[in-house]
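Q: Here you go, sequence then predicted model.
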Protein chains: 2
Amino acid sequence: MTVGVNPTAACVAVGSELLGVHRLDSNSLAVTTMLARYGVTVIEKRVVGDSVEHLAATIRELFDRVDVVVLTGGLGPTEDDVTREAVARALRRDLEVDEEVADWIRARYADHDRAMPEICLRMARIVHGGRPLLNPRGAAPGMLVESDGRLVVALPGVPSEMEEMLERDLAPELERRFPAQRLVTRTLLLGGVYESQIEDRIAPLYRRFGREHVTILASCGVVRLLVSARGEGAAAAARVDDMVGAFRRLLGDDVAGVDVGGLAQVVLERLERRSETLAVAESCTGGLVSARLTDVPGASNAFLGGVVSYSNAAKENLVDVPRELLVEHGAVSEPAARAMAVGVRGRFGSDWGIGITGIAGPSGGTVDKPVGLVHWAVAGAEAVVADYRVFPGDRATVRLWSVHSALDLLRRRLDGQGRTHD
Amino acid sequence: MTVGVNPTAACVAVGSELLGVHRLDSNSLAVTTMLARYGVTVIEKRVVGDSVEHLAATIRELFDRVDVVVLTGGLGPTEDDVTREAVARALRRDLEVDEEVADWIRARYADHDRAMPEICLRMARIVHGGRPLLNPRGAAPGMLVESDGRLVVALPGVPSEMEEMLERDLAPELERRFPAQRLVTRTLLLGGVYESQIEDRIAPLYRRFGREHVTILASCGVVRLLVSARGEGAAAAARVDDMVGAFRRLLGDDVAGVDVGGLAQVVLERLERRSETLAVAESCTGGLVSARLTDVPGASNAFLGGVVSYSNAAKENLVDVPRELLVEHGAVSEPAARAMAVGVRGRFGSDWGIGITGIAGPSGGTVDKPVGLVHWAVAGAEAVVADYRVFPGDRATVRLWSVHSALDLLRRRLDGQGRTHD
């Protein structure tokens, strides 16, 4: 392989089932991530069916274009599993039974007290000159073959098997070939930040560090900034730490954490560290905030529960919002959000309460209270703070914005921030 | 194009952003679905970056293999938008400004009271002999070019634009070319059915109708059976109706609906038709049932709300589960699930109540009550019914099984079914 400055790769997913109307190949994301870590750029992806000729032609075409071809799938024992044969044809080499692999496959069946079907020996056939890659989680071995300085790697299609072999077999190979290309990445999680503003806000650092080292992933009020540097491991890590520091100084309180999960996890960790608890009253989000929180294992250490007060009666009877308040201000109002936060906190006896009420759409909007209007509030021992916005987008988008906004307001309170409409 | 028995196609997504570690091309699913409707089988998918040479070579390679090449993306006005140029090079034709398209683009800017940047005229360039496809939702036109009986279609990468043009422009073209190939599909939604059983249960019909006409999509207790037939429209529709009838007779009460949304929507529609209401008490699902229900626009017509009684105190105080019951049977028990369903029904004054309690994991299991054990119950005016199971899989999987199982038990009650542990 040319140890070039910019080695390139292609991912090929093999399997007719990946060409139907229901499934996408997603293995290529894991492969791309791993290759990027060693400076290898994916310039093409393909999905092809279970045809030897088609796959062999694919490999030949890609060998004219890239340094590394990573194939996933098609390594099982049946006639439909064509990857081994296609690699052999593309490289014009023979397939040979590798006796060690054959023994390993036999032993695997013996361990499970099963007789090995003769057909399984097909999986022991390796392209002449190639290196077999034993599968730690399944029967089908992969292989790694070099040809004219280029590399073709065949991995199983089952994601867990593929990912383990990617780390165990391909990573060291790439590390050896491209030692100075290592990519180190860290992720800043930002809450309460809008897509439209983030580019402008980080423009100075974008210029300073280079656009190619900063990736923005934004979704309904949550922004992830991925900062990366390439080079020998320790040096790259140090450079990334500098970048993280610079972004932290620039973005201040908007940074919810570095290399953390989502806002729900951040909030739960903050609460658990303080030995405090939370309860949630939701209207337009209809249980999504609770569902997000309870997605996190161990959520019960800090999350006591919630009320989905979808009807006005539920707001009165289960979280003690006074009827007069609902009559005077309406169910979608700042006073209602505040009363829900206070009420659910009281009902559950929690340290913190969240209240959310809004109009997720598509219907239910008025001139004064349009679709997308959402009020949220956080009640603590000392104060109740509230905020609101008219969110853009469809029902699902408005709900997601609302979830993120409410969790971020609590996150800021837990961080001791005062930036609210209180 | 050869109006063959089995016309083939390839999908190409154009854009370097689709080759990174965060995004997948998903446009190809909509394209594949549309092509399948007219009997055109996708035999290859590719993703390539914004390189004219690379894309032109791609189109040439695919023209050796398939009848239809559908390109998505790369049609904007910038230098990075290479699709027009690549099609021209691949077919060895010129690009020519189409004056009608140019006028349309100018008018589009005028309508928005904006001056058209000169660069936008690039989008009016069409491959010689091709037909421009005006974009109903955006500025970038697509095009349709025939060459040696083969077809290349370029569509924008924005999904909503692409999907509309797929229906408006490509569908009639395919209908004209392949009138006898039309595929008609209907979907049966099954609840309370396990993946492992469904193949055996439908085996007789699988054989009778042919495997290629039945697709099983199973996910955590919900199964979708897609049945399809190919041929002239009315005849194919009649055959599919026969198949739907046969599956209904075979599967009986397990069929929740045909061509409907998910279980949440089915349940809400049944409730609304009966002018009845629902409230939900959730423990291990932590708000997911409520979130699913409130995903559906208009859910408030039947769904009054719910309680996420994650803590024992919440079970006592908010849904009136007696403390003695919790002490005697534990929070994860059939009596607790029943009491939650009854309690939440009482609190909300609803016609129906659902209660769910279980151990989603990864920790919290015991020998008697392992991770995955979930009890659920449905309380109505006349009876409380309950069921339970030890679900396999991780936290998210157990939660999803639980949501589906509880909704399906209610669905069966609303259908007047008695199959329960009552």
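A: Okay, I see it.
Q: closest point of the stretch 51-200 of chain A to chain B, which residue?
A: residue A:61 (6.0 Å; C-beta to the nearest C-beta). (Glycine included, C-beta is placed from N, CA and C.)
Q: what about the stretch 1-150 of chain A, any weak spots by pLDDT?
A: In the prediction, the stretch 1-150 of chain A carries residues with pLDDT under 70 at positions A:1-5.
Q: The stretch 301-422 of chain A now?
A: A:418-422.
Q: Residues of it that sit close to chain B?
A: A:303-311, A:313-314, A:317-318, A:347-349, A:360-363, A:395-396, A:399 (C-beta under 8 Å from any C-beta of the partner chain).
Q: so the residue of the stretch 51-200 of chain A closest to chain B sits in a strand?
A: No - looking at residue A:61 with DSSP: H, G, I helix; E, B strand; the rest coil, it is helix, so not inside a strand.
Q: ok, for it, nearest residue in space, not its chain neighbours?
A: residue B:61 (6.0 Å; C-beta to C-beta, 6 or more residues apart in numbering or on different chains).
Q: got the residue ranges for the helices in chain A?
A: A:27-37, A:52-63, A:83-91, A:99-111, A:159-165, A:171-177, A:195-209, A:233-251, A:263-273, A:288-295, A:312-319, A:323-329, A:334-348, A:395-414 (DSSP state H).
Q: and residue A:207, how many neighbours?
A: Neighbourhood size, residue A:207 [other C-beta atoms under 10 Å in any protein chain shown]: 9.
Q: separation between it and residue A:139?
A: 52 Å (C-beta to C-beta, to the nearest Å).
Q: And residue A:74, by the same measure?
A: From residue A:74 to residue A:139 the distance is 14 Å (C-beta to C-beta).
Q: same check, this time on residue A:310
A: 51 Å.
Q: Please apply the same query to residue A:25.
A: Residue A:25 is 22 Å from residue A:139, by C-beta to C-beta.
Q: okay, the two: which has more neighbours?
A: residue A:25 (25 against 19).
Q: need the contact list for the closest residue to residue A:292 other than its chain neighbours.
A: Spatial nearest neighbour of residue A:292, chain neighbours left out: residue A:264 (4.4 Å); criterion: C-beta to C-beta, 6+ apart. Shown in contact with residue A:264 (C-beta atoms under 8 Å, 6 or more residues apart in numbering or on different chains): A:292, A:293, A:295, A:296, A:407.
Q: and the last one, what does it touch?
A: When contacts are counted by C-beta under 8 Å, 6+ apart, residue A:407 touches A:191, A:263, A:264, A:267, A:289, A:292, A:354.
Q: so what pLDDT did whichever residue of the stretch 101-250 of chain A sits closest to chain B get?
A: When scored by C-beta to the nearest C-beta, the stretch 101-250 of chain A has residue A:217 as its residue closest to chain B, at 6.1 Å. pLDDT, residue A:217: 87.
Q: Go ahead and confirm residue A:168 touches residue A:136.
A: Yes - the criterion here is C-beta atoms under 8 Å, and residue A:168 meets it with residue A:136 at 7.1 Å.
Q: my guess is residue A:282 contacts residue A:308, does it?
A: Yes - the criterion here is C-beta under 8 Å, and residue A:282 meets it with residue A:308 at 5.3 Å.
Q: Distance check, the spatially most central residue of chain A against residue A:189.
A: Centroid check for chain A by C-alpha atoms, centre = their mean gives residue A:261 as the closest residue, at 9.4 Å. Using C-beta to C-beta, residue A:261 is found at 8 Å from residue A:189.
Q: coming back round to it: would you enumerate the residues in contact with the residue lying closest to the residue nearest to the centre of chain A once chain neighbours are set aside?
A: Distance criterion C-beta to C-beta, 6+ apart; nearest residue to residue A:261, sequence neighbours excluded, is residue A:296 at 7.3 Å. Contact analysis of residue A:296 by C-beta under 8 Å, 6+ apart lists A:261, A:264, A:265, A:268.
Q: residues from the stretch 101-250 of chain A in reach of chain B?
A: So the stretch 101-250 of chain A meets chain B at A:215, A:217 (C-beta under 8 Å from any C-beta).
Q: now do 6 Å
A: The stretch 101-250 of chain A comes close to chain B at no residue, as judged by C-beta under 6 Å from any C-beta of the partner chain.
Q: Among the residues of the stretch 301-422 of chain A next to chain B, name the buried ones.
A: A:303-311, A:313-314, A:317-318, A:347-348, A:360-361, A:395, A:399 (16 or more other C-beta atoms under 10 Å in any protein chain shown).
Q: Roughly how far does the residue sitting furthest away from the middle of chain A sit from residue A:316?
A: Taking C-alpha atoms, centre = their mean, the residue of chain A most remote from its mean C-alpha position is residue A:324, at 45.0 Å. To residue A:316, residue A:324 is 10 Å away according to C-beta to C-beta.
Q: Could you do residue A:288 as well?
A: In this view, residue A:288 and residue A:316 are 22 Å apart by C-beta to C-beta.
Q: More neighbours: those two, which one.
A: Using other C-beta under 10 Å, the more surrounded residue of residue A:288 and residue A:316 is residue A:288, with 26 against 17.
Q: Report the contact partners of that one.
A: Contact analysis of residue A:288 by C-beta atoms under 6 Å, 6 or more residues apart in numbering or on different chains lists A:399, A:403, B:291.
Q: How about the contacts made by residue A:367?
A: By C-beta under 6 Å, 6+ apart, residue A:367 has no neighbours at all.
Q: Look up phi and psi at it.
A: Dihedral pair for residue A:367: phi -60, psi -40, per degrees, to the nearest 10.
Q: Look up how far residue A:392 lies from it.
A: Taking C-beta to C-beta, one finds residue A:367 at 17 Å from residue A:392.
Q: Next: residue A:308.
A: With C-beta to C-beta as the criterion, residue A:308 and residue A:392 are 24 Å apart.
Q: List the contacts of the nearest residue to residue A:25 once chain neighbours are set aside.
A: Spatially, and ignoring its direct neighbours in sequence, residue A:25 is nearest to residue A:13 (3.6 Å; C-beta to C-beta, 6+ apart). Counting by C-beta under 6 Å, 6+ apart, residue A:13 touches A:25, A:27, A:47, A:72, A:73.
Q: Of those residues, which is the nearest to residue B:154?
A: Set against residue B:154, the nearest of these by C-beta to C-beta is residue A:47 (19.9 Å).
Q: what about the residue nearest to that closest one when sequence neighbours are not counted, how many residues close to it?
A: Using C-beta to C-beta, 6+ apart and skipping the chain neighbours, the partner closest in space to residue A:47 is residue B:45 (4.2 Å). Close neighbours of residue B:45, defined as other C-beta under 10 Å, add up to 26.
Q: how near is residue B:45 to residue A:229?
A: Applying C-beta to C-beta to residue B:45 and residue A:229 gives a distance of 33 Å.
Q: can you check residue A:303 too?
A: 37 Å.
Q: go on, residue A:128?
A: 41 Å.
Q: Neighbour count: the two, which is higher?
A: residue A:229 (21 against 12).
Q: ok, the more buried one touching residue A:240?
A: Yes - under the criterion of C-beta atoms under 6 Å, residue A:229 makes contact with residue A:240 at 4.8 Å.
Q: list the residues that contact both of the two?
A: residue A:184.
Q: is it true that residue A:134 touches residue A:141?
A: Yes - counting by C-beta under 6 Å, residue A:134 touches residue A:141, with 5.4 Å between them.
Q: Comparing the two, which residue is more hemmed in?
A: More neighbours surround residue A:141 than the other of residue A:134 and residue A:141, with 23 against 16 (other C-beta under 10 Å).
Q: Which phi and psi values does that one adopt?
A: According to degrees, to the nearest 10, residue A:141 has phi -80, psi 150.
Q: which residues does it contact?
A: A:101, A:132, A:133, A:134, A:135.
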